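Enquirer: What would the 3D arrangement of this be:
(chains A, B, C and D)
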Amino acid sequence: MSDWTAEEMMAIAAARRLRDGAVCFVGIGLPSKAANLARATHAPGCVLIYESGTIGAKPLNLPLSIGDGELAETADTVVSVPEIFSYWLQGGRIDVGFLGAAQIDRYANLNSTVIGGYDHPRVRLPGGGGAPEIAASCKETLVILKQSPRTFVERLDFRTSVGFGDGPGSRAALGFTGGGVSAVITDLGELEPDPDTCELRLARIHAGVAVEDVIAATGWRLAVVPDLEVSAPPTDAELEALRSLKTAEEREPAG
Amino acid sequence: MSDWTAEEMMAIAAARRLRDGAVCFVGIGLPSKAANLARATHAPGCVLIYESGTIGAKPLNLPLSIGDGELAETADTVVSVPEIFSYWLQGGRIDVGFLGAAQIDRYANLNSTVIGGYDHPRVRLPGGGGAPEIAASCKETLVILKQSPRTFVERLDFRTSVGFGDGPGSRAALGFTGGGVSAVITDLGELEPDPDTCELRLARIHAGVAVEDVIAATGWRLAVVPDLEVSAPPTDAELEALRSLKTAEEREPAG
Amino acid sequence: MAEIVSLEEAVAELVHDGDSVALEGFTHLIPHAAGHELIRQGRRDLTLIRLTPDVVYDQMIGMGCARKLVFSWGGNPGVGSLHRLREAVEHAWPVPLELEEHSHAGMAAAYAAGAANLPFAVLRGYAGTDLPQHTRAASIECPFTGERLAAVPALRPDVGVIHAQRADRRGNVQLWGISGVQKEAVLAASRSLATVEEIVEELEPVPGAVILPTWVVTAVAVAVGGAHPSYVHGYYDRDNGFYRRWDAISRDRDAFSDWIREHVLEGAA
Amino acid sequence: MAEIVSLEEAVAELVHDGDSVALEGFTHLIPHAAGHELIRQGRRDLTLIRLTPDVVYDQMIGMGCARKLVFSWGGNPGVGSLHRLREAVEHAWPVPLELEEHSHAGMAAAYAAGAANLPFAVLRGYAGTDLPQHTRAASIECPFTGERLAAVPALRPDVGVIHAQRADRRGNVQLWGISGVQKEAVLAASRSLATVEEIVEELEPVPGAVILPTWVVTAVAVAVGGAHPSYVHGYYDRDNGFYRRWDAISRDRDAFSDWIREHVLEGAA
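Expert: This next block holds a predicted model:
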């Protein structure tokens, strides 16, 4: 099973970023999949927090929604939604925030609100949900999304969540306590902010992907770090763990 | 047993002020005794809330402290102290606040902080505790304390809790949502605020007490309502209920 | 004291055209039955408030019950878009829908402020995003540190509607599992309705349970299965298949209207 | 992850002279054993924070551990005055004690703000009383309604100390019954210590229980009977006789000193 898809590589690369024991505020979908993959592989002690108020959830099945019953049943404790956002997220206790988005710009600002104008959008997206404050308050934030000129844009249609704002100094000026985006994991590679300019640069490329492809899939002139690394290909253990992550239904399909 | 003490009359007169079903925020001591007497007599449906977060406590024994275990065991629910003060008291859900004090003035402002100057007090009292916001936010507040020139003063040494402040309009100007003090029950009679001036007047006198005695026990020129009533003497049922209110220890003394 | 009445009576009594109404339940205990009763009674011009407008609000919006939506995340969880919501926003069908958009943290803080009878809530957020240009939010300065923080106006719905596991005969309501913002939605509202799976003699204590005393609830109505297709912890599971099927049903105006007629309007009250 | 250590180690490690320390527990679960360990280790110049300084703070203040007290009600519940506190305030014995006085509502809101990493809390109160002239409070205007409300600075103790029924071997702490402001005191503090009656394999869920995950607690120490003369719901009752006896003991400097020597200093660590 040494064959894998770009999506699998993306989930595995994201999972690798979570260190064991990290307290992780997880969005549903890819972030939740990557976080649960980390729990199933190198980070069994990772503490998963979902915005539904479940702290220390240990789902056996991949949750379909942010508030699946299994999250509450397996949690160390369940608190109210006002409390999870005030005492826990804003309280500055979360190591890693894990987000997706519809658009991202060079400063890792995110759009999950609208495509087109706000008042007459071409596409009305679900909106910010927990993302804006996750991006503001977590010690670091990981972003996971597929890379294309439509998603990696020169200019966001709407700034839903702040990465590095307008560049160096923006976060401090906004009074944000969290450190901002530490990495963007895509199906092509991994981007990290330049420590000086805060601009996202290609820091790691997935095996079998050409740098030109990544640059072509980016809506701004993507810089590449001098010492570009190639991500280690998925191990059999990682692929096996990823492929055995299933929703309760996938395990026993409902009638 | 038609004989009774002035203290008993005070507790009974206070208890009579609680209508059945009223939601009552209770301080420890005389207020708690009067509220539990009301529950034991005409107001079994009275909802008792203590600042320890116990909502709907139904103690069989008279609690010694605001946080006796029996209050939690018999409560409909127990919430945190921040919640009892924010969602429940400040939320404007409490019908009656029940307070004691060391000093009271003509506008029913209360002192439970210091006797003498604040920085070098003659007597350092416990302080406000829950009283200031009980007096601010309950729909009405009942005050119960023994009457003497030392407690009913022309000028408070410290204003801990606001009754009617400096007179008509004060509460509104302070943005208080509650109605203020509706009655002050003492060992001599019952005082009520003049609807126009907000000044406390003698509205009811306990059986066997002379108006002169009440005036002499008041540090300001106490006005008396034209149609002064005499409080109905305690019924046997009231006295029996009051005298059978006991702390757990009084029932079974510890070794 | 809460009155124990039928869902039909409760909705008729508590919710009027033009009211602001919060149906809360965070993925769990979503009051679908109450939403359907609002559709059957043809409420109009409602301001619908909810962190996560999902299928139940998609249905109410698609039937033209709402004039305005106050929300922080509007999607079909794990599936995709809310097509009725999108049509209302993108094409004003069947009626235009005004949006007041917040973040979850902002909505949660605004409910908590409402429950605490404060006019506003303070949080670290909104700054640096495009949200403040399109919603009700302000900046406020800490009087001690001079630090600037975000302020949002308190939420004070006319009616708060929740679904809970059970109530006792006096109308004390008990819910457990993921409790979301239901306590705040009820305490922040002027009137409140709790639909429940059952009425019991005594509320046995349950770990993690939230109790709403009868004297803070206006009405309690039994609605068995009243959260479906959402779930009720300890009673029934989430009907994930329905959420997926809703995607196809809600894409098409006619399919949507047919479904509502069959399952809500003709589906007995 | 919380370290499970002895009370002596925990106090030596976490609490330093000059720290601000909050020993919380609202009539229930008062961390007396931790207070006695602080006395044995001779801590000085502490800023002691607590809604209801009672016997445990009377003892620490009488032994000269504190430079300042932040509080909202200082008395011996159901008995009367705290004589050591009064001597410190009225006669600066054994050392002067600075007071920062609030109301319960103000302290509770200030802890909640600290736990939420906000610099201040907003409430309806303080206005019209003499408190603002003698404490840290300010007036703040609602940016939406123009209404004026009270603001108090957040409480952010260096150390939060609580007593709980039990913890598991990983250091997850569980407490139930009247839970007061203990969660807020731990979450608002930079470091925290939980003394517990026992360490168990698994934390069985209990109705109304508060869980503090091991990763928000710095240290857990077993202290059997560690809340006496206060009580521990489900373990032992309040020793009301002691509170009454304390009145006589604490009235007299020598009687107080003798009691401390016998029961705290010589009372094994």
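Enquirer: can you list contacts of the worst-scoring helix or strand of chain C on mean pLDDT?
Expert: When the helices and strands of chain C are scored by mean pLDDT, DSSP states H and E, helix C:83-91 comes last with a mean of 93. Here helix C:83-91 makes contact (C-beta atoms under 8 Å, 6 or more residues apart in numbering or on different chains) with A:120-121, A:123-124, C:53, C:57-59, C:61-62, C:66, C:69, C:74, C:93-97, C:99, C:247, C:250-251, C:253, C:256. C-beta here means a position set from N, CA and C on the backbone, and glycine is covered the same way.
Enquirer: could you redo the last one with a cut-off of 6 Å?
Expert: A:124, C:58, C:61-62, C:74, C:93, C:97, C:250-251 (C-beta atoms under 6 Å, 6 or more residues apart in numbering or on different chains).
Enquirer: Sketch out the low-pLDDT regions of chain C for me.
Expert: Applying pLDDT under 70 to chain C picks out residues C:267-269.
Enquirer: quick one: the strands in it?
Expert: For chain C, the strands defined by DSSP state E cover C:3-4, C:20-23, C:46-50, C:66-71, C:98-101, C:120-123, C:138-141, C:148-153, C:159-168, C:173-175, C:191-200, C:210-212, C:219-222.
Enquirer: wait, which of those strands is closest to residue A:214?
Expert: Smallest distance to residue A:214 across the strands of chain C (C-beta to C-beta): 33.3 Å, for strand C:98-101.
Enquirer: Return the set of buried residues in the closest one.
Expert: Residues of strand C:98-101 classed as buried: C:99, C:101 (neighbour count, 16 or more other C-beta atoms under 10 Å in any protein chain shown).
Enquirer: what's in contact with that strand?
Expert: A:127, C:68-70, C:135.
Enquirer: Which two among these are spaced furthest apart?
Expert: By the measure C-beta to C-beta, A:127 and C:68 form the most distant pair in the contacts of strand C:98-101, at 15.1 Å.
Enquirer: Comparing those two, which residue is more hemmed in?
Expert: Ranked by neighbour count (other C-beta atoms under 10 Å in any protein chain shown), residue A:127 and residue C:68 place residue A:127 first, with 25 against 15.
Enquirer: Could you grab the helix/strand/coil label for the more buried one?
Expert: Here residue A:127 is recorded as coil under DSSP: H, G, I helix; E, B strand; the rest coil.
Enquirer: That one against residue C:69, yeah?
Expert: No: using C-beta atoms under 6 Å, residue A:127 is not in contact with residue C:69, being 10.6 Å away.
Enquirer: If we ignore the residues flanking it in sequence, what's nearest residue C:67?
Expert: Nearest residue to residue C:67, sequence neighbours excluded (C-beta to C-beta, 6 or more residues apart in numbering or on different chains): residue C:45, at 4.4 Å.
Enquirer: give me the number of residues near the one you found?
Expert: By the measure other C-beta under 10 Å, the count of residues near residue C:45 is 14.
Enquirer: Which residues are in contact with residue A:131?
Expert: Taking C-beta under 6 Å, 6+ apart as the test, what residue A:131 contacts is A:99, A:112, A:161.
Enquirer: thought the first one was touching residue A:144?
Expert: When you say that, I think you mean residue A:99. No: look at residue A:99 against residue A:144 with C-beta under 6 Å: they stay out of range, at 7.5 Å.
Enquirer: where are the low-confidence patches of the stretch 1-150 of chain A?
Expert: Residue ranges of the stretch 1-150 of chain A with pLDDT under 70: A:1-2.
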